[in-house]
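Undergrad: Sequence and predicted structure, then a few things I'm wondering about:
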Amino acid sequence: MSRYFTAELAALEPYTPGEQPQNRQYIKLNTNESPYPPAPGVAGAVEQAAAKLALYSDPESGALVRAAAGWFGVQPGNILCGNGSDENLMLAIRAFCSKDRPLAFSDVTYGFYPVWCQLFGIPQAVLPLREDFTLEPADYYGLDQSRNVGAIVIANPNAPTGLALPAEALAEIARRNPDAVVIVDEAYVDFGGESCVPFVRRGDPANLMVVQTFSKSRSLAGGRLGLSLAPEALTADLKRVKYSMNPYNVNRMTEAAGIAALADRAYFEQNCAAIRATRAQTTAALRRRGFTVLDSSANFVFARCPRLPGGELYRRLKDRGVLVRHFDAPRLADWLRITIGSPEQMQGLLKALDAVLPPQD
């Protein structure tokens, strides 16, 4: 780093994104992208929007907000669009936490949460998952009082485990923390989780908000589009932060892509069903090969093979042209997170595994 870098950020450990190789063709199962293209109407909508790139985008993303409000059955005032769901999450953490009001999250979850805490000088209240990677809701009750947290963020389904809680359990965590905001990160909810959006629709609990993304189930990872759904008072808070940082945060082409994606419900449901079916087939195939595989509600599986350490298996697969995600954290070192791709991609994974794994006893 340069001598000009601030002392406050010198110890910052940035988020490590999944590999995006540019110089070799891989079976890419490491970043939870969709194996299917966006809805058929997306490309044409983006092309039309490109003709107006000389003009700024609508800072309110009004047309997209109205389309999303119709899809989710909420009011436009409940929605804020973001440059990927990461921006919505960042805005919420910045809005509701401070140096005196920590952010609470689990020890095994999305790796960006602690990074934002470091970036903004926010203390972390880290709660361990159970030995089987499940989250015990009661561990989160009363954190607004016992640890003075400003917000609690829970990925549901969780990453990288794929495990999910019922929506009512998350609503109860919000009720048990009336002086904190509960942020439910639903990046993977469309693949088998239960959404908390109905609670936003009712406005109760008033301290619960949901964040979703278009990257996974709507095949727009390269478009960078997310949104938050929350009671209007919370959405107004997020807007104050957004307009202090990045008012034109969603570009014209991405807004057009999002509207077109929301318009094609049949295509969305077809792709989600296909990924769920492939996930079930892949889980069964891995278990036949001796893997322990958690019961995933996401578009990936979390698996380990007792015959080979996770890092070694990751490297052997990469040498054979298959990319999966490996984490070095102590609790995760023997596990791999494997994105559910197309049936053909998963057959390629299984073929590579059969070539590199030691034989079963």
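TA: In hand now; what should we look at? Numbers count the residues shown, from 1 in each chain.
Undergrad: ok, now which ones touch the closest residue to Asp354 other than its chain neighbours?
TA: Once its chain neighbours are removed from consideration, Asp354 has its nearest residue in Arg289; the separation is 7.6 Å (C-beta to C-beta, 6 or more residues apart in numbering). C-betas here are computed from N, CA, C, even on glycine. Under the criterion of C-beta atoms under 8 Å, 6 or more residues apart in numbering, the contact list for Arg289 reads Cys305, Leu350, Leu353, Asp354, Leu357, Gln360.
Undergrad: Pipe those into JSON lines and attach secondary structure, neighbour count and distance to Gly162 per row.
TA: Supplementary listing: the contacts of Arg289 in JSON lines, determined by DSSP: H, G, I helix; E, B strand; the rest coil; neighbours: other C-beta atoms under 10 Å; distance: C-beta to C-beta, whole Å:
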{"residue": "Cys305", "secondary structure": "coil", "neighbour count": "22", "distance to Gly162": "17"}
{"residue": "Leu350", "secondary structure": "helix", "neighbour count": "17", "distance to Gly162": "19"}
{"residue": "Leu353", "secondary structure": "helix", "neighbour count": "21", "distance to Gly162": "19"}
{"residue": "Asp354", "secondary structure": "helix", "neighbour count": "9", "distance to Gly162": "23"}
{"residue": "Leu357", "secondary structure": "coil", "neighbour count": "17", "distance to Gly162": "22"}
{"residue": "Gln360", "secondary structure": "coil", "neighbour count": "10", "distance to Gly162": "24"}
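Undergrad: Mind picking the two most distant members of those?
TA: Distances among these were taken as C-beta to C-beta; the most separated pair is Leu350 and Gln360, at 14.4 Å.
Undergrad: Report the contact partners of Gly62.
TA: Taking C-beta under 8 Å, 6+ apart, we find Gly62 in contact with Pro76.
Undergrad: before we move on, back to that, tell me how far the residue nearest to Asp354 lies from Glu60.
TA: Applying C-beta to C-beta, to the nearest Å, the value for Arg289 to Glu60 is 51 Å.
Undergrad: next one: Lys216
TA: Between Lys216 and Glu60 the distance is 25 Å, computed by C-beta to C-beta.
Undergrad: who has more neighbours, these two?
TA: The neighbour comparison of Lys216 against Glu60 (other C-beta atoms under 10 Å) goes to Lys216, with 25 against 14.
Undergrad: Please look at that one and Asn32 and confirm they touch.
TA: Yes - taking C-beta atoms under 8 Å as the definition, Lys216 is a contact partner of Asn32 at 6.0 Å.
Undergrad: any common contacting residues for those two?
TA: Contacts common to Lys216 and Asn32, judged by C-beta under 8 Å, 6+ apart, are Tyr188, Asn299.
Undergrad: that older thread, what confidence value was assigned to the residue nearest to Asp354?
TA: At Arg289 the predicted local confidence, pLDDT, stands at 96.
Undergrad: biggest helix in this structure, by residue count?
TA: Of all the segments of type helix in the chain, defined by DSSP state H, the longest one is helix 265-288.
Undergrad: helices and strands around that one, which ones?
TA: Packed against helix 265-288, as judged by 3 or more C-beta pairs under 8 Å, 6 or more residues apart in numbering; DSSP states H and E, are the following elements: strand 292-293, strand 300-304, helix 343-356.
Undergrad: what's the angle from it to helix 343-356?
TA: Relative orientation of helix 265-288 and helix 343-356, computed by axes from the mean of the first three to the mean of the last three C-alpha atoms, to 10 degrees: 20 degrees.
Undergrad: So which residues of the chain form helices?
TA: Along the chain, the stretches classed as helices by DSSP H are 42-50, 62-72, 85-96, 112-120, 143-146, 167-175, 197-202, 232-242, 252-263, 265-288, 310-319, 343-356.
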